[in-house]
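In: sequence below, structure please.
(2 chains)
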Amino acid sequence: MPEAQIKMNVREAGEKASIIDIEGELTAFAEVVLMDAYNQASDGRARAIILNFEELEYMNSSGIGLLVTLLIRINREKQQLLTYGLSEHYRSIFQITRLDDAIAIHDSEEEAVRAANSA
Amino acid sequence: MTEQTPQNDTREKQKREPRDAAYWARYAETLKVADVAEGATNINVEGRRAVGPLQGFGKMWQKTYRVGLEGAEVTPAEVIKTWKENYQDFWPEGNRFYAPVAGIAPGEVALISGSLPGGVKLSTGVMVLYADDESFSLMTPEGHPFSGWITFSSFEDEGTTVAQAQVLMRANDPLYEMGLRMGGHKMEDEMWRKTLENLAAHFGVNEPVETNAVCVDPRLQWSQYRNVWHNAGIRSAIYSITAPLRWRRKGSSP
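Out: Sure, this is the predicted structure:
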């Protein structure tokens, strides 16, 4: 299997939230990296997970599938999933795939963190 | 002169056309069928919304069907090119895929006639959500038995080219969920197993198809029970039953 061309960095944002910075290509091969990052982000008190897509370079339909399975896992843990940094193009993909029905999209990190910590 | 700040850098990057832009369908509120091929029925696709795995009713499943093309001198891109061009030919008998005139390309809509458990005829369709050189995905419309998408891909695994179909879906409404539990899953598994066998045979390969099914979410989404209104099985049955009335009306009209 080809190697995942992606890096993820996890950091805390306030008392209740963790941010996962996504850099590179979100494809089927990113599954292990994404789930590791989620486990790290959930370790502790995080009630909200924020995905930062500012450095996303490429995403295919398997990448969108990964986000769906991540969302289900987050819902099961009674956490909340938020995003920011989506370009117009990726916002449109969230719209086509109807992910925007279930995942909150914010314009900036400040806005996403505020929403996560006020919930 | 524009000052180079991290925020400006991010905005600049976001403005640039992403590498995947040409591979995705463009957003449209509802589906439009460009051309209805002879023998196809467009009663459950035109004007419907495309739906993903989050909008369905039943349990969420991820099913993966995979075959290794052992010994075949073929690249993943060649497999996908062949799959796109001959999609209908690899389907088992009894189901028909009316390929769009433009072929399997982002945003194109194809009509399908198939059958449900119990022999009920079904007219539905799919939209090409994504298509690149090594994969393509089809997304279902409201009323289709499944709410979700199926991704066909090919990749190298330890020197062997692998062909894979992966479904991520929920049954669209309570009736379909019941149908899936009463033989529907088996029918679906058989369909994709046979499809991959046919694809492998095209490359002269006779290898078993591996199947892996994972229940991603065992909960039913009762908030989506109204999806039954668009049920393509019921609508196709009504359309068939009322065919004589339409013929009579057509015959008596000037």
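
In: export the helix ranked longest in chain B to PDB, keeping only CA atoms.
Out: The longest helix of chain B (DSSP state H) is helix B:185-202. C-alpha atoms of helix B:185-202 as PDB (Å, rounded to 0.1, in the frame of the first residue of the first chain):
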ATOM      1  CA  HIS B 185     -27.000  -7.900   2.200                       C
ATOM      2  CA  LYS B 186     -26.400 -11.300   0.700                       C
ATOM      3  CA  MET B 187     -27.600 -10.100  -2.700                       C
ATOM      4  CA  GLU B 188     -25.400  -7.000  -2.500                       C
ATOM      5  CA  ASP B 189     -22.300  -9.100  -1.500                       C
ATOM      6  CA  GLU B 190     -23.000 -11.400  -4.400                       C
ATOM      7  CA  MET B 191     -23.300  -8.600  -6.900                       C
ATOM      8  CA  TRP B 192     -20.000  -7.000  -6.000                       C
ATOM      9  CA  ARG B 193     -18.200 -10.300  -5.700                       C
ATOM     10  CA  LYS B 194     -19.400 -11.300  -9.200                       C
ATOM     11  CA  THR B 195     -18.400  -7.800 -10.500                       C
ATOM     12  CA  LEU B 196     -14.900  -8.100  -9.200                       C
ATOM     13  CA  GLU B 197     -14.600 -11.700 -10.500                       C
ATOM     14  CA  ASN B 198     -15.700 -10.400 -14.000                       C
ATOM     15  CA  LEU B 199     -13.200  -7.600 -13.800                       C
ATOM     16  CA  ALA B 200     -10.400 -10.000 -12.800                       C
ATOM     17  CA  ALA B 201     -11.400 -12.400 -15.600                       C
ATOM     18  CA  HIS B 202     -11.100  -9.600 -18.100                       C
END
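
In: so what does it touch, helix or strand wise?
Out: strand B:60-68, helix B:76-85, helix B:87-90, strand B:160-171, strand B:210-217 (3 or more Cβ pairs under 8 Å, 6 or more residues apart in numbering or on different chains; DSSP states H and E). No exception for glycine: its C-beta is placed from N, CA and C like everyone else's.

In: elements contacting the helix or strand following the longest one?
Out: Yep, that's strand B:160-171 we're talking about. Scanning forward in sequence from strand B:160-171 by DSSP states H and E, the next helix or strand is helix B:174-179. With contacts defined as 3+ Cβ pairs under 8 Å, 6+ apart, helix B:174-179 has these neighbours: helix B:232-241.

In: next one: the helix it packs on to chain centre, how far?
Out: 21 Å (Cα atoms, centre = their mean, to the nearest Å).

In: got the phi and psi for B:Lys59?
Out: For B:Lys59, the backbone dihedrals are phi -60, psi 150 (criterion: degrees, to the nearest 10).

In: how about the contacts made by it?
Out: By Cβ atoms under 8 Å, 6 or more residues apart in numbering or on different chains, B:Lys59 lies in contact with B:Arg170, B:Ala171, B:Glu177, B:Cys215, B:Asp217, B:Pro218, B:Arg219, B:Leu220.

In: how close does it sit to chain A?
Out: According to Cβ to the nearest Cβ, to the nearest Å, B:Lys59 and chain A sit 11 Å apart.

In: one more: B:Val33?
Out: 17 Å.

In: helix, strand, or coil at that residue?
Out: coil (DSSP: H, G, I helix; E, B strand; the rest coil).

In: how about the strands of chain A, start to end?
Out: Along chain A, counting by DSSP state E, strands occupy A:6-13, A:17-26, A:48-59, A:80-84, A:104-106.

In: tell me which residues touch B:Val120, please.
Out: B:Gly233, B:Ser236, B:Ala237.

In: report pLDDT for it.
Out: B:Val120 is assigned a pLDDT of 73 by the prediction.

In: ditto for B:Tyr239
Out: 88.

In: check contacts around it.
Out: Contacts of B:Tyr239 by Cβ under 8 Å, 6+ apart are B:Thr41, B:Ile43, B:Ser123.

In: likewise for A:Ser108?
Out: Counting by Cβ under 8 Å, 6+ apart, A:Ser108 has contacts A:Tyr84.

In: please repeat the previous calculation with a cut-off of 10 Å.
Out: A:Glu54, A:Tyr84, A:Gly85, A:Arg114, B:Gln7 (Cβ atoms under 10 Å, 6 or more residues apart in numbering or on different chains).

In: quick one: buried ones out of those?
Out: Neighbour counting over these (16 or more other Cβ atoms under 10 Å in any protein chain shown) leaves A:Glu54, A:Tyr84, A:Gly85 as the buried ones.

In: would you agree the last one is in contact with A:Ile20?
Out: Right, the one you point to is A:Gly85. No: here A:Gly85 lies out of contact with A:Ile20, judged by Cβ atoms under 10 Å, at a distance of 11.2 Å.

In: any common contacting residues for the two?
Out: Between them, A:Gly85 and A:Ile20 share the contacting residues A:Ile50, A:Leu51, A:Asn52, A:Phe53, judged by Cβ under 10 Å, 6+ apart.
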